[in-house]
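Trainee: generate coordinates for the sequence data below:
(one chain, ligands or ions: 1)
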Amino acid sequence: MTAAILTVEDLSVRISGLHILQGVSFTVAPAGVTVLLGRNGVGKTTTLRAVVGLTPAGGEVTGRVRMGERNLLDRPTHRLVRDGLGYVPEDRCVFAGLTVAENLRLAERRGTTPAYDQVFALFPELERRGRQRAGSLSGGQQQMLAIGRVLLNDNRLLLVDEPTKGLAPKVVTEVAEVLERVAETVPVLLVEQNLAVVRRLATDAVVIDAGRVAWSGDARDLLAEAELTTSLLGVGSAEAHPPSPAVARKDQLT
Ligand SMILES: Nc1ncnc2c1ncn2[C@@H]1O[C@H](COP(=O)(O)OP(=O)(O)OP(=O)(O)O)[C@@H](O)[C@H]1O
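Mentor: Predicted coordinates for the structure are as follows:
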C-alpha cells in the first residue's frame, strides 16, 4: 500500500468547553480526493483548522498530524504552508479592498517562481479581472481567486473547505471541474456537502460523527450503499443512489 500523504492520529479539539473532536484518526491518500463528510456541526472545519494550525485562540488541540516525519501540530501555520500544505478556507478570505492581481501578488513567495501560467490556464477570468476589486467579484469568482491564490505555489497537499457553498449550480460545476483537474497533480482533502460533487470527485471518504471517525474507506463503497449513506450522512436514499450527471444543489447533505 502506498504511504499516506497525511496521517491524523487521535486528534482531539476542545473549544469553549466543547469537546468537538474526540480522538479522530484517518489518513489521506497520496493521490486523488479524500472527502471529509458528516452532518452539519460535527467538526469537519474544526479538523481542517486543527491540521493547519488555525484553531481559535483558547482552543486546545492534542494528538498527532503527520506529513512525512513531522508532527504538524508542533509547527506554526506559515511554516506548514511554506512546506507545501495549501489551505483554501470555507469563507474564502480574499482581501475585499484589494484587486484580484494584488490578492494574487500577496501569495507570492520570495525565492520561488509563482505559477501564474498554471493559475490563469485554470482560471482565465482571474487574468481578465486583474484590476477588479476582489470584494466586487461574485461568490464563484471569489472562490476561484481563493483556489488560484493557493495554486501559485507548489503544494504537497491541498485542504479545501466547502468550496461550492452558496454557489449557483453552474458555478458549482465549474469549481468541481477545476478541483478535478487540480487533483490530477496534487492530493486534496476536501470538505464538501454537495453529494453530486462528492460523487464526481471523491476517491476516498472519511465520515465524522459524534466527535470520531464513523467510517472511512473507498468513496465508491460508501456511495453505493444507500442505507449506509443515509445513516451516516442523513441524506435520503434517493439522493444516495448514484449517479447524477448534473452537479446540482438538491443533493445537499443535511
Ligand atoms: N470558535 C468556536 N467557538 C465555539 N464553538 C465552536 C467554535 N468553532 C466551532 N465550534 C463548534 O464546533 C462544532 C463543529 O463546528 P465545525 O464548523 O467544525 O463543523 P462542520 O462539521 O464543519 O459544520 P458545517 O457542516 O455546518 O460547516 C459546532 O458545534 C460549532 O458550533
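
Trainee: where does T203 fall, phi/psi-wise?
Mentor: With angles defined as degrees, to the nearest 10, T203 sits at phi -100, psi -40.

Trainee: residue numbering should commence at 830 henceforth.
Mentor: In the new numbering, first residue 830, that becomes T1032.

Trainee: burial count for it?
Mentor: T1032: 16 surrounding residues under other C-beta atoms under 10 Å. In this view, the C-beta of every residue, glycine as well, is placed from N, C-alpha and C.

Trainee: I figured it was touching V857, is that so?
Mentor: No: T1032 is beyond contact range of V857, at 10.4 Å (criterion: C-beta atoms under 8 Å).

Trainee: quickly list what's touching both of the two.
Mentor: T863 (C-beta atoms under 8 Å, 6 or more residues apart in numbering).

Trainee: who does the strand or helix carrying L988 touch, helix- and strand-wise?
Mentor: Assigned by DSSP states H and E, L988 falls within strand 986-990. Packing partners of strand 986-990 (3 or more C-beta pairs under 8 Å, 6 or more residues apart in numbering; DSSP states H and E): helix 873-880, strand 914-917, strand 1017-1020.

Trainee: save those as a markdown table, and put in mean pLDDT and mean neighbour count too.
Mentor: Formatted as a markdown table, the helices and strands packed on strand 986-990 follow (pLDDT from 0 to 100; neighbours: other C-beta atoms under 10 Å):
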| stretch | mean pLDDT | mean neighbour count |
| --- | --- | --- |
| helix 873-880 | 96 | 24 |
| strand 914-917 | 95 | 24 |
| strand 1017-1020 | 97 | 24 |
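
Trainee: make a markdown table out of those and add distance to the ligand.
Mentor: Formatted as a markdown table, the helices and strands packed on strand 986-990 follow (distance: least, C-beta to the nearest ligand atom, whole Å):
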| stretch | distance to the ligand |
| --- | --- |
| helix 873-880 | 3 |
| strand 914-917 | 14 |
| strand 1017-1020 | 6 |
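
Trainee: so which of the ones you listed comes closest to E991?
Mentor: Nearest of those to E991, taken as C-beta to C-beta: strand 1017-1020 at 5.3 Å.

Trainee: can you give me the strands for this structure?
Mentor: Per DSSP state E, the chain carries strands over the ranges 835-844, 847-857, 862-866, 889-896, 899-900, 914-917, 986-990, 1017-1020, 1033-1038, 1041-1047.

Trainee: of those strands, which is nearest E954?
Mentor: Closest to E954 of the strands of the chain is strand 914-917 (C-beta to C-beta; 16.9 Å).

Trainee: may I have the closest one as CSV, with CA atoms only?
Mentor: Backbone C-alpha positions of strand 914-917 (Å, rounded to 0.1, in the frame of the first residue of the first chain) are rendered in CSV as follows:
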residue,chain,number,x,y,z
LEU,A,914,0.3,22.5,2.8
GLY,A,915,-2.2,24.6,0.8
TYR,A,916,-5.4,25.7,2.6
VAL,A,917,-8.5,27.2,1.0
